[in-house]
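Undergrad: Return atomic coordinates for the entry below.
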Amino acid sequence: MRLSRAPHRALLLCAAATVLAACSASGSTDRSAGAPGAGGASSTVTADPRRSVVTFTGETALGAEAVRRTADRMRARVKALGLRDVRVEEGEGRVTVTGPTADEKRLTELGAAGRLGFRPVLAEMPVGTATAPQPSPSASSGQGRAVTEGLRPRAAGSASASAGPGPAQGGSADAALQARFAALDCSARERPATEREAAAAVRDSVVACGTNGSASAPPTKFVLGPTAVDGSHVASARAVYGKQGQGWLVRLSFDSAGARDFAALTGSLYVNTPPQNEMAIVMDGAVISAPSVNQQLSGGGADISGSFTRESAEQFAATLGSGALPAPVSVAEVTRLPHE
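TA: Predicted coordinates:
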């Protein structure tokens, strides 16, 4: 998923009714008078008459039903973002989006896959000093730290990581998993090939790239267990502005099944030793954050916060709120129409 650049994300989780109240007091104002850009859904106001046409196609041929569902979810994202004068059209094996050239970046981001998942960390290892890839709609990575009672921050440079999954971690697929882990290169800025693997392997252990620590922390590669909470159980996602230093953040609430699974995941993790007490937040195959858990969290919601701008928070929320696209798509062509 191709998010606007927004490093240093952290996860804020509400563990119980009393904690929920504290979360509400610290970060529940959506667009108050004190929030930058307060006043409602964003929209671009520009005198530039140019228009852009963005054509999306699938990595494999899209059938008519996949095209229809993809177009419907893109329309939902357009509405959530408050974009004006944007048209989403269905074609044979493609979806075409037409809108103001001033919104071209956001138009291309409508094609973000939007697959969110919470997975247990089985093993992790920093991979050098190269700069980590920045979060984007097709590959999200970021530096995360825990900021509430339920999660512990990891100190920068204090990784207690295993170099590969051990027998208790990798199970019968130990050797194959270790081979994929050893071969994984997280230094490249391009979207890792593991995104496709992660999307297809919800019930399996996977390897993935991300970061875990401070802004200066090196890239980290992970072995992750099966998805414990799937993004399909996100009941709502919205961009809000926190008054006590969080800035813009994205507030998630789970449906009943998601809240139950989230409580079960955190309940199973907090009794473990590092790094098996960590929970990876994975967007389209890349680890956004991997905070450690020190208690069961049953509040049914989570705030992802950090260096979001208003635009990137709204983009992230719109992508999650609409649901994941039925099949991966990519931008095949961008055409700018001449002035009329």
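
Undergrad: contacts and neighbour counts: CA atoms only from here.
TA: Noted.

Undergrad: Residue 208 contacts residue 221, doesn't it?
TA: Yes: using Cα atoms under 8 Å, residue 208 makes contact with residue 221 at a distance of 5.8 Å.

Undergrad: any residues in contact with both of these two?
TA: Shared contacts of residue 208 and residue 221, defined by Cα atoms under 8 Å, 6 or more residues apart in numbering, are found at residue 184.

Undergrad: hey, where'd the helices end up in this structure?
TA: Along the chain, counting by DSSP state H, helices occupy 17-27, 64-81, 104-109, 167-170, 174-183, 194-200, 256-269, 310-322.

Undergrad: so of these, which one's packed in deepest?
TA: Greatest average neighbour count among those goes to helix 310-322 (a mean of 25), per mean count of other Cα atoms under 10 Å.

Undergrad: How about residues contacting that helix?
TA: Defining contact as Cα under 8 Å, 6+ apart, one finds that helix 310-322 is touched by 3-6, 36-37, 73-74, 76-77, 80-81, 106, 109-110, 112, 114-116, 231, 234-239, 248-251.

Undergrad: how does it look with 7 Å?
TA: 3-4, 73, 76-77, 80-81, 114, 236-239, 248-250 (Cα atoms under 7 Å, 6 or more residues apart in numbering).

Undergrad: just stretch 50-68 next, same as before
TA: Contact with stretch 50-68 is made by 90, 93-101, 104, 108, 326-339, as judged by Cα under 7 Å, 6+ apart.

Undergrad: Name the residues of stretch 92-105 that are buried.
TA: Neighbour counts over stretch 92-105 (16 or more other Cα atoms under 10 Å) mark 93-104 as buried.

Undergrad: what does stretch 226-243 give?
TA: Buried-residue list, stretch 226-243, by 16+ other Cα under 10 Å: 226-243.

Undergrad: quick one: average pLDDT of that stretch?
TA: Mean pLDDT, computed over stretch 226-243, is 91.

Undergrad: what do you get for stretch 174-189?
TA: If you average the pLDDT over stretch 174-189, you get 81.

Undergrad: Just the C-alpha atoms of that stretch, please, in CSV.
TA: Output of stretch 174-189 as CSV, limited to C-alpha atoms (Å, rounded to 0.1, in the frame of the first residue of the first chain):
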residue,chain,number,x,y,z
ASP,A,174,11.7,-24.7,10.0
ALA,A,175,14.3,-25.2,7.3
ALA,A,176,12.3,-23.6,4.5
LEU,A,177,11.5,-20.6,6.7
GLN,A,178,15.1,-20.2,7.7
ALA,A,179,16.2,-20.3,4.1
ARG,A,180,13.7,-17.6,3.1
PHE,A,181,14.8,-15.5,6.2
ALA,A,182,18.5,-15.8,5.3
ALA,A,183,17.8,-14.8,1.6
LEU,A,184,15.6,-11.9,2.4
ASP,A,185,17.2,-8.5,1.5
CYS,A,186,15.6,-5.6,3.3
SER,A,187,18.1,-3.0,2.2
ALA,A,188,16.4,-2.3,-1.1
ARG,A,189,13.9,0.6,-1.4
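
Undergrad: Beta-bridge partners for residue 286, please?
TA: residue 283 (DSSP bridges).

Undergrad: gap between it and residue 270?
TA: According to Cα to Cα, to the nearest Å, residue 286 and residue 270 sit 23 Å apart.

Undergrad: same question, residue 247
TA: Taking Cα to Cα, one finds residue 247 at 28 Å from residue 270.

Undergrad: and those two? which has more neighbours close in?
TA: Using other Cα atoms under 10 Å as the criterion, residue 247 and residue 270 rank with residue 270 on top: 22 against 18.

Undergrad: Quick check: strands, which of the buried residues of stretch 92-105 are part of them?
TA: Among the buried residues of stretch 92-105, DSSP state E puts 94-100 in strands.

Undergrad: I appreciate the help and will end here.
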